[in-house]
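show me the folded form of this:
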Amino acid sequence: MLPMRFADALTWCTTRNIVFTDQRRTRLAFESGHPLAIAVRVPEPALRILALGYVLLTSDDEDEEAFSGGLLWVNAWDIWSESFERVGWRITEGLRGADNPLSLRDAPGQLFGSGEFVDAQALLLQPMLFQWDAHYIPSSGGFFAHVSHHGDLAIVARDRELGDRLFARFEEGEWNPRESPAP
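Numbering: from 1, shown residues only. Predicted structure coming up:
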């Protein structure tokens, strides 16, 4: 796991033709093409959230053994009450490791390599569970996902073919996906 400062995460995304579309730098999009977005409601039970994270992380590689890595980029936190947020912060800092000198504020991105599936799943669980805003981009850059503090997950595919495969994958898992405009 490699913590990434904002500028480094931005460069990582730019090399995959993924850019910000707003001045606050919270909304990602592909530089070109006509992406397909899929909306999935983040479930209430924690075990279903864990399962949804697993499906998302294996969507590019089909299974955890083939996981090639990706970037988890937390864009907004401190949305709810301090009594909840501090628990999320503590868990996130613990997962990032005691030897990591950078806080989430200093390095909101976390880059995962192949073989770091469980770490990626554990950290992805935090924005889904605590309803923070975050993006997940697999190493391939074929799609990105936006976890919203409203409890939604939007998955934006680079092209229609991949979008259709992702839609089928989430439909098969009974996640009730629906087509939606890109966030």
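
OK, contacts around the residue positioned nearest the centre of the chain?
The structure's the chain has its C-alpha centroid closest to Y136; by C-alpha atoms, centre = their mean the separation is 2.4 Å. Applying C-beta atoms under 8 Å, 6 or more residues apart in numbering to Y136 gives the contacts L56, L57, G70, L71, L72, W73, L124, F144, A145, V147. Every C-beta, even on glycine, is put in place using the N, C-alpha and C of the backbone.

what do you get if the cut-off is 6 Å, keeping everything else the same?
L72, A145 (C-beta atoms under 6 Å, 6 or more residues apart in numbering).

in a strand, it, correct?
Yes - note on Y136: a strand contains this position according to DSSP: H, G, I helix; E, B strand; the rest coil.

so what's it bridging to?
L72, A145 (DSSP bridges).

may I see the buried residues of the lowest-mean-pLDDT helix or strand in the chain?
In the chain, no helix or strand scores lower on mean pLDDT, DSSP states H and E than helix 82-96, which sits at a mean of 75. Under the neighbour-count criterion of 16 or more other C-beta atoms under 10 Å, helix 82-96 has G88, W89, I91, T92, R96 buried.

and if you look at stretch 20-28?
Going by 16+ other C-beta under 10 Å, stretch 20-28 has these buried residues: R27, L28.

that stretch: how far from the chain's middle?
How far stretch 20-28 lies from its chain's middle: 15 Å, per C-alpha atoms, centre = their mean, to the nearest Å.
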